[in-house]
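*Asks:* Quick one: sequence and predicted model below, then my questions.
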Amino acid sequence: MTNDNHQLPNKPLVIGIVAGEVSGDSLGADFMQQMNNLRDDIIWVGVGGSKMQAQGLHSIFPLARLAVMGLVEVLSQLPDLLKARRELLAAFQVAHIDWFVGIDAPDFNLRVAKKLKPKGVFCVQYVSPSIWAWRESRIHGIKAATDLVLCLFPFELPVYERHNHPAICVGHPLLRTLNQDLVDTPTNQLRSELVWHNDGLQQFFIERFDDVSQLICVMPGSRRGEITAILPLMLDGIQKLLLVDPKLCFIIPTVDQNHQYIVQDVIDQRSEQLRAAIVVVYDESQPAFSQQAMAASDIIMLASGTATLEAMLLERPMVVIYQLNQLTYQIAKRLVKVPYVALPNILAGRTIVTELIQEQASGENICRTVTKLLQPRAYAEQLQALLETKQTLQQQSNHEPANSVIAQWFAQGNR
C-alpha cells in the first residue's frame, strides 16, 4: 500500500507505458499489476504484449513493431520506428498522460521520454542502460530524459549517485518469480520428478539411473551464434571429462524445438561415447523447464548471461564458458570497465565463479575446472560464496517498483 502521505490524486491517473521487447512484457505487466492493486481507475496507454494487455493496456500497435534487433535490422526499419514514435507521442498527447514508464529498450524509450519530460510528464526508465559497464557519458542523456531510473541490480546505483540522479534498485524479477520449491526440494527428488514427467529423459535414464556419478546441466546460450561458437568448446571439455569419469551424464535444456535441432546437429558430429552421455531436451508443457533441469543437476556449465543469475538463485555451483568473435572481444575489452562477465562475480565484486573466456575456453581447461569443482571442498566453497552473494542481493533489492515510482513522484512535489 502507499504511505498515508502519498495519496494519489482523486482524478484517474493516466500512465503511458512502452515495452520495446518481449522480455519487457513481463516486467511491464508486473508493474501494472502493482499499480492496479493500489487503485482501480488507472488509464493505461502505450505498447505492450499479451501480459500487459491482460492488465488493462490497449496496445496502440503490436509490440513486435518495436522489437527490432541488430544494427542492420534497425537501419532498415528506421523509417517505421520513427513513425511509431510519432504515433505514440500523438496518442500520449491526446490522452494527457501524467507518467511515462519505458520498460527496457533504452534506445527507443529514452528518445520518447526526452520529448515528454519538458512537457511536465513524469518519466521513468525501468531497467538501467548499461552505463555502469561502459559509456558512462550517456548519464547526461538519461538525466535529460528521466525523473527516475529503476535498476535491477545494486551495482548499477553508484553511477547515478555520482551524477546525483534518482535511481532505486527494485531487484531482478527472478528474485520474485523463481519457484522456491526448486531450492528447497532435495536434488534427487527434483531429478526423479524431472525424469518422470519427460519421455525423452525417461528413455535416456531408463538403463543408467543407478549408474550416474554426477548430472551436469549444459547451457550453451539461446542464440544460434552462441550455440555454434560455445557448444563445440563445451563438447571438447565433455569428451575429456568422460575419460576421467565415464559415468558422468549431461543434460542440455533448450528454449524451443528449433534450438533442440541446432544443438543436436552439433552433437551428432561427435563420437558415439559423447553422444550417449548427453540428452538434449525441450519440454513445451513446462515454461520453467530449464530452471528445473538446472535445479536437478549437480553443477552447471553455461554461457554468460541471465542463466548465471538463475544458477546462483537456484544455489547451483557453475563454470562459465564464453567466446566472442575476436574483433568484437577486443573492442569490448577496451570499452567495458567491468572485469567480469558472470553476474555472480559482478555482484560479489570478486571471482567466485570460474570464467573461461576466449582462448581460456579450451577442452582441457573446461575438463580441469569442472573436475576440480566436483571435488567436495571446492564445491562447498563456491556454494557458500553463491549463498552469501544471493542473500546480499535479496537484502539490497527490497523496493517495489510501483511504490518506488509513487514515492519519487511525490518527492518531486507532485500532488
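*Replies:* All right, it came through fine.

*Asks:* Surely Ile18 forms part of a strand?
*Replies:* Check again: residue 18 is Val, not Ile. Yes. Using DSSP: H, G, I helix; E, B strand; the rest coil, the secondary structure at Val18 is a strand.

*Asks:* Now do it, the pLDDT please.
*Replies:* Looking at Val18, its pLDDT is 96.

*Asks:* got it, and the one 5 residues further on?
*Replies:* Taken from the predicted model, the pLDDT recorded for Ser23 is 75.

*Asks:* Excluding sequence neighbours, find me the nearest residue to it.
*Replies:* Asp104 (6.8 Å; C-beta to C-beta, 6 or more residues apart in numbering). Using the backbone N, CA and C atoms, a C-beta is placed for each residue, glycine as well.

*Asks:* Contacts for the helix or strand harbouring Asp80, please.
*Replies:* Using DSSP states H and E, Asp80 sits in helix 71-95. Helix 71-95 is touched from outside by 14, 16, 18, 43, 45-47, 60-61, 65-66, 68, 100, 108, 111-112, 115-116, 121, with contacts defined as C-beta atoms under 8 Å, 6 or more residues apart in numbering.

*Asks:* List only those of those residues flagged as buried.
*Replies:* 14, 16, 18, 43, 45-47, 60, 65-66, 68, 100, 108, 111-112, 115-116, 121 (16 or more other C-beta atoms under 10 Å).

*Asks:* Can you report how many residues lie near Gly120?
*Replies:* Neighbour count of Gly120, defined by other C-beta atoms under 10 Å: 8.

*Asks:* Equivalent analysis for Leu178, please.
*Replies:* Around Leu178 there are 18 residues (other C-beta under 10 Å).

*Asks:* Name all residues that make contact with it.
*Replies:* Gln291, Glu310, Leu313, Leu314.

*Asks:* pLDDT value on it, please?
*Replies:* Looking at Leu178, the pLDDT reads 91.

*Asks:* Look up phi and psi at it.
*Replies:* As for Leu178, its main-chain torsions (degrees, to the nearest 10) stand at phi -60, psi 130.

*Asks:* measure it to Ser290 for me?
*Replies:* 12 Å (C-beta to C-beta, to the nearest Å).

*Asks:* Could you name every residue contacting both of these two?
*Replies:* With C-beta under 8 Å, 6+ apart as the test, Leu178 and Ser290 both reach Glu310.

*Asks:* Buried residues in the helix or strand just after the helix holding Asp80, which are they?
*Replies:* Using DSSP H and E, the helix or strand that follows helix 71-95 in sequence is strand 99-103. By 16+ other C-beta under 10 Å, the buried positions in strand 99-103 come out as Trp99, Phe100, Val101, Gly102, Ile103.

*Asks:* Which of the buried ones among the contacts of helix 71-95 fall in strands?
*Replies:* Val14, Gly16, Val18, Ile43, Val45, Gly46, Val47, Phe100 (DSSP state E).

*Asks:* Who are the contact partners of the first one?
*Replies:* Residues near Val14 by C-beta under 8 Å, 6+ apart: Ile42, Ile43, Val45, Ala95, His96, Ile97, Asp98, Trp99.

*Asks:* after the least confident helix or strand in the chain by mean pLDDT, next one along is what?
*Replies:* One helix or strand of the chain scores below all others by mean pLDDT, DSSP states H and E: helix 326-335, with a mean of 55. As assigned by DSSP H and E, the chain's next helix or strand after helix 326-335 is helix 343-348.

*Asks:* Quick check: mean pLDDT of that next one?
*Replies:* 93.

*Asks:* Show me what it is packed against.
*Replies:* helix 306-313, helix 376-396 (3 or more C-beta pairs under 8 Å, 6 or more residues apart in numbering; DSSP states H and E).

*Asks:* Tell me where the stretch 151-300 of the chain has strands.
*Replies:* Along the stretch 151-300 of the chain, counting by DSSP state E, counting those that start in this stretch, strands occupy 167-169, 215-219, 249-253, 278-281, 299-302.

*Asks:* pLDDT below threshold where in the protein?
*Replies:* 1-9, 67-76, 132-135, 209-210, 324-338, 413-415 (pLDDT under 70).

*Asks:* Try it again at 80.
*Replies:* The chain contains residues with pLDDT under 80 at 1-10, 21-23, 67-78, 130-137, 207-211, 222-225, 287, 323-340, 358-359, 413-415.

*Asks:* Okay, the residue nearest the centre of it and Glu156: tell me how far apart.
*Replies:* By C-alpha atoms, centre = their mean, the chain has its centre lying nearest to Thr306, at 3.9 Å. Note on Thr306: its distance to Glu156, by C-beta to C-beta, is 15 Å.

*Asks:* Check Leu356 too.
*Replies:* For Leu356, the distance to Glu156 - C-beta to C-beta - is 26 Å.

*Asks:* Please apply the same query to Asn164.
*Replies:* 15 Å.

*Asks:* okay, these two: which has more neighbours?
*Replies:* Glu156 (21 against 8).
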